[in-house]
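Q: next comes the sequence, and after it the predicted model I'd like to discuss.
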Amino acid sequence: QVQLVESGGGLVQAGDSLRLSCAASGGTFSSSSMGWYRQAPGKERELVAAISSGGNTVYASSVKGRFTISRDNAKSTVYLQMISLKPEDTAVYYCAAAVRFSWTMRTRDYDYWGQGTQVTVSS
């Protein structure tokens, strides 16, 4: 059973930066595709960024150039560095693991989820 614990969310002003962390336990982290999703009030959950076991990355167009996903397999941790934050980035951010795939962008392949961390960006 894989457990994911996110941290690093908070209340910031527009233009500020935040780094989210997701610590994984109980699974084969290094061989898993990892993703960051977010869900804003009244909206569907969306993929923000994903990283393969080998370090390939993909980003939503709305965050490309501002967010960076990375992973430290030795620490079983995935990060999301966010800069130039905007009010529209306000959401609950979730970490997800696809333990059956080394690389996937399909939400249905992500079978383990964290509890989420709130990011609020004020204007």
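A: Perfect, I can see it now. Residues are numbered from 1 along each chain as shown.
Q: ok, the closest residue to Val63 other than its chain neighbours - contacts?
A: Distances taken as Cβ to Cβ, 6 or more residues apart in numbering put Val48 closest to Val63, at 5.8 Å, once the chain neighbours are dropped. Heads up, the C-betas are built off the backbone N, CA and C, glycines and all. Shown here is Val48, whose contacts under the criterion Cβ atoms under 8 Å, 6 or more residues apart in numbering are 35-38, 59-60, 63, 67, 80, 93.
Q: for PyMOL, what selects the buried ones among those?
A: Under the burial definition 16 or more other Cβ atoms under 10 Å, those of the contacts of Val48 that qualify are selected in PyMOL by:
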select buried, resi 35+36+37+38+59+63+67+80+93
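Q: and the furthest pair within the contacts of Val48?
A: With Cβ to Cβ as the measure, no two of the contacts of Val48 lie farther apart than Tyr59 and Tyr93, at 13.9 Å.
Q: secondary structure element for the residue most central in space within the chain?
A: The centroid of the chain falls nearest to Trp36 when counting by Cα atoms, centre = their mean (2.1 Å). Assigned by DSSP states H and E, Trp36 belongs to strand 33-39.
Q: could you point out which element follows that strand?
A: Past strand 33-39, the next helix or strand by DSSP H and E is strand 46-51.
Q: quick check: mean pLDDT of that next one?
A: Per-region confidence: strand 46-51 scores 98 on mean pLDDT.
Q: stretch 62-72 now?
A: Stretch 62-72 comes out at a mean pLDDT of 98.
Q: may I see the buried residues of it?
A: The neighbour-count check on stretch 62-72 (16+ other Cβ under 10 Å) flags 63, 67-69, 71 as buried.
Q: got TSV for those, with secondary structure too?
A: Below are these laid out as TSV (DSSP: H, G, I helix; E, B strand; the rest coil):
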residue	secondary structure
Val63	coil
Phe67	strand
Thr68	strand
Ile69	strand
Arg71	strand
